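> can you look at this prediction? I've put the sequence above it.
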Amino acid sequence: MLELDGVSVDIAGVPVLRAVHLHVPPGGRVALIGRNGAGKTTTLRALMGLLPARQGRVTIDGREATALPAHHRPRLGVGYAPEDRRLFGSFAVRDNLLLPAQVLKLPAAETARRLEAVFGLLPGLRDLAPRRAAGLSGGQGKMVALGRALMVGTRAVLLDEPFQGLAPALAQRYAEALKRLHHALPEVSILITESNPGLLRPLVEQSFVIERGEISRA
Amino acid sequence: MAGWFSENGLLLGLALLDGLSYAALVFMVAVGLNLVFGVLRIVNVAHGSLFAIGAYTAASLGLFLSARGLPPAAGYAVLLLAAVLVGGVLGPVIERGVLRRVYGQEDVLQLLVTFALFMILEDVQKLIWGVQPLFHDAPMKFLGTVDVPFGEDVIPFTAYQIFVVPGVAVATLAGLAWFLRRTLTGRVIVAVTTDKEAATAMGIDAAKVTLLTFTFGAALAALGGALASPTTSLVPGVGAQTIVLSFAVVAIAGLGQIEGAALSALMIGMGRSIAVYFEPELEVVVPYLIMVAVLLVRPQGLFGVVETRRV
């Protein structure tokens, strides 16, 4: 579903990813483990087209996407929940969730269906829907960011360090939500980054390790 | 106090009415500047040139058309037409041709580029319209004056400056607030302003939004100029004065604040105009005194929100 083939990415002239290979099969759940600064976020941003690949190929759903502009990638069914949530603070939670679907000009009925599906998977969001995103707690914000990614991520979601900074009880709930997601929508691939190797073990089928911009199989 | 008022009441009334109309014009420019900064993250010094060119275009068009028998009432449509023309042509040319090349570059470079642009446009304006004052007040004369009761005095004041100019500003304020909060295009602009990368990852074409926002902001500045044109003789330098006051308004209000910009524009407009009537030598300095006073107490502006820095 998602593939990086020998991809190198520089940021401000500094090589951050060095000819990395990464493969996430359809419906697969894959972890990318690495320390801070190892290149986890850069890997996800390269997949989303937010950083250009200096060399190598990016493939999304069997389609060559290396040169595909970033804003076209969600159209391929890829949702992205960046680190640190990055919600639109002045919008209500509902509008945060709806925005990607509206931007893609999905039919209203389909948008409503997806919103209901997200509420079904992440029950807490229904009550939060009318609230301003800026007023959410960290844990609530992570759930909203996951929901927002799922509104377009019908084929794959990229989750950047979702457990970072979550209290254990909240991390537990987030992990349960991911299990529910996999159960309800087994066709959706999940790529999830984390610095703690043990944490994701029960949630994924496969792990990759990233160190100083190089990815290897765990 | 009562004695002061009976002596100076008329002056104060005039100052407030003048201030209102001036504030409305400054608001039109400042709100566009604010919008453009939010999306482009560039302080566009050349924004004032768009005000000036809007004013000159409106006056020229007005003179040209009224010489050909255009009824005076249609002069208001001409003001709007001038704004659309200037925004619609210069907006895309400047954004696509110049600014797009410096996105994400150092602030100093961006500032230099927009300053250079300002100088170029100032000269283009002199090339086209010369340095002799240009005057076309038909749209203002057409509505005549109204008698505004003020204390024991009655102040005759032009209806255009009391109703049309502030009316357009209020309509802009309300329309913009509605547009940004209630329409998808508006929300997309706010999303890009808040977080360009996150917005892009949601499928938003940031380049398109940038072009749209810049053009829209340019048209607002040009509309401000067009509205101002019947009230004054146009001379070189009108753009510089406007942009500097608009910076003060944006600084006082805080970034991204539309209603706040309206209130700040009122403070600046009234403050400046009271100075003009009572202590003319302070005219230039009063807006900055207000700005400095506000920023000393609230560095993020009256209505600004402190943003946590993202690393």
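That came through fine.

> for chain B, what are the nearby residues on chain A?
Residues of chain A found near chain B (Cβ under 8 Å from any Cβ of the partner chain) are A:45, A:48, A:50, A:69-75, A:80, A:82, A:84, A:86-91, A:95, A:99-100, A:102-104, A:148, A:152. Any C-beta I mention is one placed from the backbone N, CA and C, and that applies to glycine too.

> quick one: buried ones out of those residues?
For the residues of chain A next to chain B, burial is judged from neighbour counts taken by 16 or more other Cβ atoms under 10 Å in any protein chain shown, and it is met by A:45, A:48, A:50, A:70-71, A:73-74, A:80, A:82, A:84, A:86-91, A:95, A:99-100, A:102-104, A:148, A:152.

> which of the residues you listed fall in helices?
Judged by DSSP state H, those include A:45, A:48, A:95, A:99-100, A:102-103, A:148, A:152 as members of helices.

> in these, find the pair that's most separated.
Based on Cβ to Cβ, the longest span within those runs between A:R45 and A:D95 and measures 24.4 Å.

> so what touches stretch B:160-176?
Stretch B:160-176 is contacted from outside by B:17-18, B:20-21, B:23-25, B:27-28, B:31, B:35, B:76, B:139-140, B:142-143, B:146, B:148, B:220, B:223, B:227-228, B:230-231, B:258-259, B:262, B:265, using Cβ atoms under 8 Å, 6 or more residues apart in numbering or on different chains.

> chain center to that stretch, what's the gap?
Computed by Cα atoms, centre = their mean, to the nearest Å, the chain-centroid distance of stretch B:160-176 equals 12 Å.

> and if you look at stretch A:79-91?
Relative to its chain's centre, stretch A:79-91 lies at 11 Å (Cα atoms, centre = their mean).

> sorry, back to before: just the buried subset of the contacts of stretch B:160-176, please.
Here, 16+ other Cβ under 10 Å leaves B:17-18, B:20-21, B:23-25, B:27-28, B:31, B:35, B:76, B:139-140, B:142-143, B:148, B:220, B:223, B:227-228, B:230-231, B:258, B:262, B:265 buried among the contacts of stretch B:160-176.

> helices - which of those residues land there?
Assigned to helices by DSSP H, the following of those qualify: B:17-18, B:20-21, B:23-25, B:27-28, B:31, B:35, B:76, B:139-140, B:142-143, B:220, B:223, B:227-228, B:258, B:262, B:265.

> show me the strands in chain A, by range?
A:2-11, A:14-24, A:29-33, A:55-60, A:63-64, A:78-81, A:156-159, A:189-194, A:206-211, A:214-217 (DSSP state E).

> which one of these lies nearest to B:I128?
Smallest distance to B:I128 across those (Cβ to Cβ): 45.1 Å, for strand A:2-11.

> tabulate the strands of chain A in TSV, adding columns for mean pLDDT.
Below are these laid out as TSV (pLDDT from 0 to 100):
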stretch	mean pLDDT
strand A:2-11	93
strand A:14-24	93
strand A:29-33	94
strand A:55-60	94
strand A:63-64	92
strand A:78-81	96
strand A:156-159	96
strand A:189-194	95
strand A:206-211	92
strand A:214-217	87
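
> out of those, which comes closest to A:P130?
With Cβ to Cβ as the criterion, A:P130 lies closest to strand A:78-81 of the strands of chain A, at 21.4 Å.

> can you pull out the helices in the stretch 101-250 of chain B?
Secondary structure of the stretch 101-250 of chain B, counting by DSSP state H, counting those that start in this stretch: helices at B:107-129, B:138-143, B:159, B:165-182, B:184-194, B:196-201, B:206-228, B:238-253.

> residues in contact with the shortest one?
Outside helix B:159, the residues that touch it by Cβ under 8 Å, 6+ apart are B:143-146.

> just the second one next, same as before
Contacts of helix B:138-143 from elsewhere in the structure, counted by Cβ under 8 Å, 6+ apart, are B:62, B:66, B:72-73, B:75-76, B:78-79, B:158-161, B:163-164, B:230-231.

> state the pair within those that is farthest apart.
By the measure Cβ to Cβ, B:S66 and B:F163 form the most distant pair in these, at 21.1 Å.

> and the two? Which one has more around it.
Ranked by neighbour count (other Cβ atoms under 10 Å in any protein chain shown), B:S66 and B:F163 place B:S66 first, with 17 against 13.

> contacting residues for that one?
Contacts of B:S66 were listed using Cβ under 8 Å, 6+ apart, and they are B:72, B:75, B:136, B:138.

> just flag the most distant two among those.
Every pair in the contacts of B:S66 was compared (Cβ to Cβ); the two farthest apart turn out to be B:P72 and B:H136, at 11.0 Å.

> so how far is B:A261 from B:F163?
As judged by Cβ to Cβ, to the nearest Å, B:F163 and B:A261 stand 21 Å apart.

> revised request: answer the last question for A:A149.
When A:A149 is compared with B:A261 (using Cβ to Cβ), they lie 34 Å apart.

> now A:H72
Remark: distance between A:H72 and B:A261 (Cβ to Cβ) = 35 Å.

> list the contacts of residue 148.
Answering for chain A, as no chain was given. Counting by Cβ under 8 Å, 6+ apart, A:R148 has contacts A:79, A:81, A:87, A:96-97, A:99-100, B:202.

> look at chain B instead
B:13, B:17, B:154-157, B:162.

> check B:G269 too.
Contacts for B:G269 (Cβ under 8 Å, 6+ apart) come out as B:19-27.

> for B:Q161, see how far away it is.
Taking Cβ to Cβ as the measure, B:G269 falls 12 Å from B:Q161.

> am I right that B:N44 is in contact with B:F37?
Yes - contact criterion Cβ atoms under 8 Å: B:N44 and B:F37 qualify, at 7.2 Å.

> who has more neighbours, these two?
B:N44 (28 against 19).

> what about the residue lying closest to the more buried one once chain neighbours are set aside, distance to chain A?
If the residues on either side of it in the chain are set aside, B:N44 comes closest to B:T114, at 4.9 Å by Cβ to Cβ, 6 or more residues apart in numbering or on different chains. B:T114 sits at a distance of 24 Å from chain A (criterion: Cβ to the nearest Cβ, to the nearest Å).

> what about chain B, any weak spots by pLDDT?
Under the criterion pLDDT under 70, the flagged ranges of chain B are B:1-2, B:305-311.

> er, chain A I mean
Within chain A, no stretch falls below the threshold (pLDDT under 70).

> in the longest helix seen in it, what counts as buried?
Using DSSP H, we find that the single longest helix of chain A is helix A:168-184. Under the neighbour-count criterion of 16+ other Cβ under 10 Å, helix A:168-184 has A:170-171, A:173-175, A:177-178, A:181-182 buried.

> next up, the contacts around the residue nearest the centre of chain A.
The centroid of chain A falls nearest to A:L158 when counting by Cα atoms, centre = their mean (2.0 Å). Contacts for A:L158 (Cβ under 8 Å, 6+ apart) come out as A:2, A:44, A:47-48, A:78-81, A:149, A:191-192.

> now do 10 Å
A:L158 is in contact with A:2, A:24, A:32, A:43-45, A:47-48, A:78-82, A:149, A:189-193, B:201, counting by Cβ atoms under 10 Å, 6 or more residues apart in numbering or on different chains.

> mark which of the residues you listed are buried, thanks.
By 16+ other Cβ under 10 Å, the contacts of A:L158 give A:2, A:24, A:32, A:43-45, A:47-48, A:78-82, A:149, A:189-193, B:201 as buried.
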